[in-house]
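Peer 1: Sequence first, predicted coordinates after that:
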Amino acid sequence: MSLNDRAAGAPFSFRKMKISVFPLLGLLLLVVALISASIGAVSIPLSEIVSGSLTDQQMAVLNSIRLPRVLLAVIVGGALALSGAAMQGLFRNPLADPGLIGIATSAALAVAIVIVLVGPIAGYLGLYALSVAAFAGALVACFVIFRFARLTGTFSVTYMLLTGIAINALSGAGVGFLTYLSDDQQLRTLTFWTMGSLGGALWISVIVAATIIIPSAVILVRNARELNVLLLGESEARYLGVEVERLKRTIVICTALSVGAAISVSGIIGFVGLVVPHLVRLTLGPDHRLLIPASAFLGAILLLIADTFARTVVAPAEMPVGILTSMIGGPFFLWLLVKQYSGRFGL
Amino acid sequence: MIDAENIVYSIGGQRILANVYATFKPGEVTAILGPNGAGKSTLLKCLTGALKPDEGRVLLAGKDLKHFSLTELSRKRAVLSQANPISFPFTAHEIVVMGRNPYSLEKTTASNAEIADEALNLVDARHLRDRSYPTLSGGEQQRVQFARVLSQIWEQEGACLFLDEPTSALDLRHQHQLMDLVQKLAAEKKLTVIIVMHDLNLAYHCTDRCFFIREGWIRGGGTSKDLITADTIAEIFDLPMKYAAMRFGMDLAG
């Protein structure tokens, strides 16, 4: 693109480059992952990771601490961002975010119920139990929001957001009540959920999250074209041969699964699901065939960067990454609102 | 070819359509006219299969709509609904390509994109191709949606085209352009075209036949030139004769 084009007002657009952004995003993710793996209490220089000349201690740190944590950040960030993108398509509204409309909090409520009322379950079973609970919570919230949003006959965004607020309040109260009931150990675990942190990263959590999230992501991408058509409206999509009910069910289940799995291993990490799809749409456009996978990559990259900061900025202590993403995401979201408003009226 | 046989449709105990019989022929443009709330859009939705009538049935080329799959139907009929807002910045071209959804598996992306371009040409919207759909004016959006609907039945002979107030946001020139195009396509591709509209002048000049609906009852089915008169208008729209004659008498007399 020459300077002349820019001067003539043609917006710089990645859109024409389409698929070619994926190798770029993949490379970026790899670089960020390597850098993140090298930073921490025990320094593991990049050159040594690449050349493979590590001491036993470095190897142990890399294997049992850094690598699971990096992978978990990648999986959770990707899951949150891609389910945000899919949910915004499903609700036909760019404001739909698992956190904003109460899906994350109701997943957290379900997790809190398992932690406080069921008690500790060890190993894989425990993690899967938490994932299933978070998934069930997310699913119930999706279902309730859908039903209420359709009360008026058409799909009402106002009802969706109001229902989300009610679910948020209810689940918040539920989590609060369970916190009140909990003992010290449970309290610690619960606090970790509600603030969001990748501090508990183990290979088990990586495997549990990946086995749920990756298949869901594949299914979502395969439904991306029909999700585009759904944006025309439900009846239009049906006229165009899309089995709307099946499509909606698939998307609700896959997003609830991904969000549930992510929340069960990391707690509530805000704004990734809302902000990342926005960023991608600004550069690549709204086509879900690009939007969903690109959001997954960008979400992974951003959460990985955020988590690297979270565990190094106040070292040797650690900051919950959920606080960091909300601190950055909040102002960014406000900026997006201002930008959208001024764009619409040509200011 | 569409046949409606004894369609009854009620919402909450209130009868919207009462024993509607109507036949719509291929190659013809048929208007559905009537006052607000008469049941025009409901009838259109029953004919497209979006609503299931309480009683009676709709036949498409002699076969009951119930026996078609969604995919089959999507190649045999296209529907332009009234304005449907889209809050994502798709380009006009991307919107039109969505009309090719029924063929996305068997036709190449390139050929579908090309058909979308030709459809945009037909509705005089080629220059809007790369514009963001939500930033277009109401009339421009309506033309883009019309192009999408055309691209859906692009290669089909004898398909059905349902249009719900397709000219409501268009300026005069584009109103006539759209109606000319509809008439031409109906003749060339043996389309069965059914249009819900309010503009009686346009209906008089640009449609072959018309039906009147009032309080769920249907009348007419004859040629528009015979049926759209000051007398029928006064009756159907509950308009005092002097207004009917004033508004339509001169124009329609010739």
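Peer 2: Looks like it came in fine. From a predicted model like this one, the values you see are computed outputs, not experimental measurements.
Peer 1: what about residue 242, how many neighbours?
Peer 2: No chain in the question, so chain A it is. 27 (other Cβ atoms under 10 Å in any protein chain shown). Bear in mind the C-beta positions are built from the backbone N, C-alpha and C, glycine included.
Peer 1: not quite, I wanted chain B
Peer 2: 11.
Peer 1: residue nearest the centroid of the chain?
Peer 2: Just going to use chain A. By Cα atoms, centre = their mean, the mean C-alpha position of chain A lies nearest to residue A:80, the distance being 1.0 Å.
Peer 1: Sorry, I should have been clearer: chain B.
Peer 2: residue B:163 (1.5 Å).
Peer 1: Sketch out the low-pLDDT regions of the stretch 101-250 of chain B for me.
Peer 2: Along the stretch 101-250 of chain B, the model assigns pLDDT under 70 to residues B:247-250.
Peer 1: all strands for it, in order.
Peer 2: B:160-164, B:192-196, B:209-214, B:217-223 (DSSP state E, counting those that start in this stretch).
Peer 1: residue in the stretch 1-150 of chain B nearest to chain A?
Peer 2: Here the stretch 1-150 of chain B gets closest to chain A at one residue, residue B:74, 3.2 Å apart by Cβ to the nearest Cβ.
Peer 1: before we move on, back to that, how about JSON lines for the strands of the stretch 101-250 of chain B, with distance to chain A added?
Peer 2: Formatted as JSON lines, those follow (distance: least, Cβ to the nearest Cβ, whole Å):
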{"stretch": "strand B:160-164", "distance to chain A": "9"}
{"stretch": "strand B:192-196", "distance to chain A": "14"}
{"stretch": "strand B:209-214", "distance to chain A": "21"}
{"stretch": "strand B:217-223", "distance to chain A": "23"}
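Peer 1: what is the mean pLDDT for the helix or strand hosting the residue nearest to the centre of chain A?
Peer 2: According to DSSP states H and E, residue A:80 maps onto helix A:67-90. Helix A:67-90 shows a mean pLDDT of 94.
Peer 1: Packing partners of that helix?
Peer 2: Other helices and strands packing on helix A:67-90, by 3 or more Cβ pairs under 8 Å, 6 or more residues apart in numbering or on different chains; DSSP states H and E, are helix A:21-38, helix A:203-222, helix A:224-230, helix A:244-266, helix A:272-284, helix A:288-312.
Peer 1: Please find the angle between the direction vectors of the helix or strand following the last one and helix A:244-266.
Peer 2: Same thing as helix A:288-312. Using DSSP H and E, the helix or strand that follows helix A:288-312 in sequence is helix A:321-344. With axes from the mean of the first three to the mean of the last three Cα atoms, to 10 degrees defining the directions, helix A:321-344 sits at 140 degrees from helix A:244-266.
Peer 1: residues making contact with helix A:321-344?
Peer 2: A:73, A:195-198, A:266-272, A:274-275, A:278, A:303, A:306-307, A:309-310, B:135 (Cβ atoms under 8 Å, 6 or more residues apart in numbering or on different chains).
Peer 1: The stretch 101-250 of chain B: helices as residue ranges?
Peer 2: Shown for the stretch 101-250 of chain B, the helices assigned by DSSP state H, counting those that start in this stretch span residues B:109-122, B:138-152, B:172-189, B:200-206, B:224-227, B:230-236, B:241-244, B:250-253.
Peer 1: Pick the most buried one from these.
Peer 2: Among the helices of the stretch 101-250 of chain B, ranked by average contacts under mean count of other Cβ atoms under 10 Å in any protein chain shown, first place goes to helix B:138-152 (a mean of 24).
Peer 1: Just checking the distance from that one to the centre of its chain.
Peer 2: Relative to the centre of its chain, helix B:138-152 is centred 12 Å away, using Cα atoms, centre = their mean, to the nearest Å.
Peer 1: CA atoms only for it, dumped as PDB, please.
Peer 2: Output in PDB follows, covering the C-alpha atoms of helix B:138-152 (Å, rounded to 0.1, in the frame of the first residue of the first chain):
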ATOM      1  CA  GLY B 138     -32.300   2.600   4.000                       C
ATOM      2  CA  GLY B 139     -32.900   2.500   0.300                       C
ATOM      3  CA  GLU B 140     -29.400   1.300  -0.500                       C
ATOM      4  CA  GLN B 141     -29.700  -1.400   2.100                       C
ATOM      5  CA  GLN B 142     -33.000  -2.500   0.500                       C
ATOM      6  CA  ARG B 143     -31.400  -2.800  -2.900                       C
ATOM      7  CA  VAL B 144     -28.500  -4.800  -1.500                       C
ATOM      8  CA  GLN B 145     -31.000  -7.100   0.200                       C
ATOM      9  CA  PHE B 146     -32.900  -7.400  -3.000                       C
ATOM     10  CA  ALA B 147     -29.600  -8.400  -4.800                       C
ATOM     11  CA  ARG B 148     -29.100 -11.100  -2.100                       C
ATOM     12  CA  VAL B 149     -32.500 -12.500  -2.700                       C
ATOM     13  CA  LEU B 150     -31.900 -12.500  -6.500                       C
ATOM     14  CA  SER B 151     -28.600 -14.300  -6.100                       C
ATOM     15  CA  GLN B 152     -30.400 -17.000  -4.100                       C
END
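Peer 1: what helices or strands is it leaning on?
Peer 2: strand B:77-80, helix B:92-98, helix B:109-122, strand B:160-164, helix B:172-189.
Peer 1: So the first one, near chain A or not?
Peer 2: Put plainly, it is strand B:77-80. Yes - contact of strand B:77-80 with chain A (Cβ under 8 Å from any Cβ of the partner chain) involves B:77-79.
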